[in-house]
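**Student:** Pasted the sequence and its predicted model underneath.
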Amino acid sequence: MAPPIYQTSTFRAPSVEEFAHMALEVRNDHFYTRCGNPTLTEAEDVLAELEGGESALVTGSGMAAISTSVLTFVGAGDHVIAQHIHYAGTTSFLREFLPRLGVTVSFVDQTDPVSFENALTASTKLILVETPSNPLLRLTDLKRLSAFAKEHGLLTIVDNTIATPINQQPLKFGIDLVVHSGTKYLSGHSDVSAGVVIGSQALIDRVWETFLLLGPVLGPFDAWLLLRGLRSLPLRVERQNRTALAVAEFLSRHEKVSHVYYAGLETHSQRELALEQMSGFTGMLSFELRSGTSGAERLISALRVITHAPSFGGVESLIVCPATMEAHMMNEEQFDRVGVKAGLVRLSVGLENERDIISDLDQALEQV
């Protein structure tokens, strides 16, 4: 009933002839675990089917999935278009690492499709977006982005971590590759670090060649934990969607809260787009207090049910101030430029009772 764990780094060849064949086969999962492993293959098959892709490649982290994918398709002299705000690790990779390789990057407003079109140059090769984005939950129009990219022969990569394949499937809109931090909703239990790239067989085979050289391998036991999490993914996400909407509605009515970022709210500027390309609004939201940074710190310190910890998408509710958590990756000026205020609070709802989460926020807000 549970898949076996092939906790081995290498496999025995039955003959000299078979060894020669195994060594030549692409992505052989019975040769050497950096090339593949049956436990990893099972996780990849499930993830590919969830996203509607032909193939998938699991990695040791979400950043490994993003960096390996991008480095497969760009090199010195190429140009990348990305949105202003990504997960901070992705932003650092785009701003600091790629320029060292001679790759230029233009950052645009993801809420304005024309901004992508205006950033196009003769050397543009790739567009990278994250939708909804972390931590302001802004959306990118996937259908229009895909049409524009195909018209100009550009590759598109979408980070679908926050939405999950339960709420959104970018490949159905014509996107080329989807990446996830499997550490978040996919595994869902805050006990594994993982990533995945999903797309056509031809594209994943190219990413695998880069992966084989860089070596960001996911361990077999971690792949097994990822499979464990995937078995409950639809149930968890459905519950988290529902709870997050209730929490967002509560916060939007509270006198001490100045703004709530959540596409499920009727007041959200991109609600219509969310309804077009998403079936659920995710379990993550962010908000700002009228009392700013000091109020946010007081709120977090007063919470009893919700935990102050990084990451998101697990069974427990987690809360952070992104500007504090990611200060080592982005400075204050960069946060200001993308609209992330020092007092912004990001909340990932878990599987606790909805009333317990709201009551915890309510009592903490009383102390602000």
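**Tutor:** Everything's here; your move.

**Student:** Okay, the nearest residue to Leu120 once chain neighbours are set aside and Asp109: tell me how far apart.
**Tutor:** Spatially, and ignoring its direct neighbours in sequence, Leu120 is nearest to His152 (6.3 Å; C-beta to C-beta, 6 or more residues apart in numbering). Just so you know, the C-beta spots here come from the backbone N, C-alpha and C atoms, and that holds for glycine as well. Computed as C-beta to C-beta, to the nearest Å, the His152 to Asp109 distance reads 19 Å.

**Student:** more crowded one of those two?
**Tutor:** Shown here are His152 and Asp109; by other C-beta atoms under 10 Å, Asp109 has more neighbours (16 against 10).

**Student:** Who are the contact partners of the more buried one?
**Tutor:** When the contact criterion is C-beta atoms under 8 Å, 6 or more residues apart in numbering, the partners of Asp109 are Gln83, His84, Ser115.

**Student:** Kindly provide the distance from the second one to Leu94.
**Tutor:** To tie it back to what came earlier, the one meant is His84. Using C-beta to C-beta, which is the criterion applied here, His84 is 10 Å from Leu94.

**Student:** Please spell out which residues along the longest helix seen in the chain are buried.
**Tutor:** Scanning the chain for the helix with the most residues, using DSSP state H, yields helix 233-253. Along helix 233-253, the positions that meet the burial threshold by neighbour count (16 or more other C-beta atoms under 10 Å) are 233, 236-237, 239-248, 250-252.

**Student:** now do stretch 121-128
**Tutor:** Taking 16+ other C-beta under 10 Å as the neighbour-count basis, stretch 121-128 is seen to contain the buried residues Thr124, Lys125, Leu126, Ile127, Leu128.

**Student:** Those in strands, which ones?
**Tutor:** Among these, DSSP state E puts Thr124, Lys125, Leu126, Ile127, Leu128 in strands.

**Student:** Save these as a markdown table, and put in pLDDT and distance to Ala342 too.
**Tutor:** A markdown table is the format used below for these (pLDDT from 0 to 100; distance: C-beta to C-beta, whole Å):
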| residue | pLDDT | distance to Ala342 |
| --- | --- | --- |
| Thr124 | 98 | 34 |
| Lys125 | 98 | 35 |
| Leu126 | 98 | 32 |
| Ile127 | 98 | 30 |
| Leu128 | 98 | 26 |
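
**Student:** mind putting the residues you listed in TSV, distance to Ala302 included?
**Tutor:** Converted to TSV, these look like this (distance: C-beta to C-beta, whole Å):
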residue	distance to Ala302
Thr124	48
Lys125	49
Leu126	44
Ile127	42
Leu128	38
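
**Student:** among those, which two are most distant?
**Tutor:** Spatially, the most separated pair among those is Thr124 and Leu128, at 11.5 Å (C-beta to C-beta).

**Student:** intersection of neighbour lists for the two?
**Tutor:** By C-beta under 8 Å, 6+ apart, Thr124 and Leu128 have these common neighbours: Val80, Ile81.

**Student:** sorry, back to before: touching, the residue nearest to Leu120 and Ala122? I think so.
**Tutor:** No - between His152 and Ala122 there is no contact, the gap being 10.1 Å when judged by C-beta atoms under 8 Å.

**Student:** Mutual contacts of the two, please.
**Tutor:** Common contacts of His152 and Ala122 (C-beta under 8 Å, 6+ apart): none found.

**Student:** what's the following helix or strand after the worst-scoring helix or strand of the chain on mean pLDDT?
**Tutor:** Sorted by mean pLDDT, DSSP states H and E, the helices and strands of the chain end with helix 332-338, the least confident at a mean of 62. Next helix or strand after helix 332-338 toward the C-terminus (DSSP states H and E): strand 345-348.

**Student:** For that next one, which helices and strands make contact with it?
**Tutor:** Contact analysis of strand 345-348 by 3 or more C-beta pairs under 8 Å, 6 or more residues apart in numbering; DSSP states H and E lists strand 284-289, helix 292-302, strand 318-320 as its packing neighbours.

**Student:** Any idea which of these gets closest to Phe73?
**Tutor:** Ranking the helices and strands packed on strand 345-348 by proximity to Phe73 (C-beta to C-beta) places strand 284-289 first, at 28.6 Å.

**Student:** How about residues contacting the closest one?
**Tutor:** Among residues not part of strand 284-289, those counted as contacts by C-beta under 8 Å, 6+ apart are 132, 134-137, 162, 244, 247-248, 251, 256-262, 295-296, 299, 312-313, 322, 341, 343-349, 368.

**Student:** doesn't Leu145 fall inside a helix?
**Tutor:** Yes - in this structure, Leu145 lies within a helix as judged by DSSP: H, G, I helix; E, B strand; the rest coil.
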